[in-house]
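Asks: Here you go, sequence then predicted model.
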Amino acid sequence: MKDTIHPPVTDNSEEPRNALDRLIYKLGNALSLLFVFTVAISFYEVLMRYVFNAPTIWVHETASFLGGCLFVFGGIYAMSINKHVRVVLIYDMVSDRTRRWLNVFHHVMGLIFSSLLSWAAYQMVQDSWFSPFGEIRLETSGSAWNPAFPALVKGMIFLTLSIMFVQFLLHLIQEINGLRKRKDV
């Protein structure tokens, strides 16, 4: 009898798999509106620069910051709906059981990958958020406007990589539980 309450973990649907994935999915859909805002302020800059000959000092850096943060968030968003990178040529040719083992391998490698990148991102955050004497001093862009966007982007990278580590861990646990259920049935 097919389990209708808990679909197979290898299901390729775009449904989030756990509470964290559902939260990321909902937050990502809300944050996607910031792309519209980025286009709007970019249009404003073009209008101000070429029509009124009064360019802004803030639009380019703000648009770059928002775009960078949204693209970084896109990694955990894609993982939350099972749309991450996969070699489907091999994945689609193997049995369901082999797919489950490939998923386990993928999640273990993802844990290693995200933990190492999280550590590197932590080092970047430490350098960009604190002075050599330990005081909080956010790295700035060095432009005329000089916002702290470089430090904030590095913080966003660290945060999303840390969340990705947790996602890989949760997905690995779900995959292992799926393998155990199949053996028990």
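Replies: That came through, no problem.

Asks: ok, then the element right after the helix or strand bottoming out on mean pLDDT in the chain?
Replies: Among the helices and strands of the chain, helix 88-91 carries the lowest confidence by mean pLDDT, DSSP states H and E, at a mean of 82. Beyond helix 88-91 in the direction of the C-terminus, DSSP states H and E gives the next helix or strand as helix 96-129.

Asks: packing partners for that following helix?
Replies: Contacts defined by 3 or more CB pairs under 8 Å, 6 or more residues apart in numbering; DSSP states H and E place helix 96-129 against helix 88-91, helix 149-184. C-beta here means a position set from N, CA and C on the backbone, and glycine is covered the same way.

Asks: can you tell me which of the ones you listed comes nearest to Leu117?
Replies: helix 149-184 (5.0 Å; CB to CB).

Asks: If I take the closest one and helix 96-129, what angle do their directions form?
Replies: Angle, helix 149-184 to helix 96-129, by axes from the mean of the first three to the mean of the last three CA atoms, to 10 degrees: 160 degrees.

Asks: Could you export the host helix or strand of Val46 as PDB, CA atoms only?
Replies: Assigned by DSSP H and E, Val46 belongs to helix 33-50. The C-alpha trace of helix 33-50 is given here as PDB (Å, rounded to 0.1, in the frame of the first residue of the first chain):
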ATOM      1  CA  LEU A  33       9.100  41.400  -4.700                       C
ATOM      2  CA  LEU A  34      12.400  43.100  -4.000                       C
ATOM      3  CA  PHE A  35      13.400  42.300  -7.600                       C
ATOM      4  CA  VAL A  36      10.500  44.600  -8.700                       C
ATOM      5  CA  PHE A  37      11.800  47.300  -6.300                       C
ATOM      6  CA  THR A  38      15.300  46.900  -7.800                       C
ATOM      7  CA  VAL A  39      14.000  47.400 -11.300                       C
ATOM      8  CA  ALA A  40      12.000  50.400 -10.100                       C
ATOM      9  CA  ILE A  41      15.000  52.200  -8.500                       C
ATOM     10  CA  SER A  42      17.200  51.300 -11.500                       C
ATOM     11  CA  PHE A  43      14.500  52.900 -13.800                       C
ATOM     12  CA  TYR A  44      14.500  55.900 -11.500                       C
ATOM     13  CA  GLU A  45      18.300  56.200 -11.800                       C
ATOM     14  CA  VAL A  46      18.100  56.100 -15.600                       C
ATOM     15  CA  LEU A  47      15.400  58.700 -15.600                       C
ATOM     16  CA  MET A  48      17.300  61.000 -13.200                       C
ATOM     17  CA  ARG A  49      20.600  60.600 -15.000                       C
ATOM     18  CA  TYR A  50      19.500  60.900 -18.600                       C
END
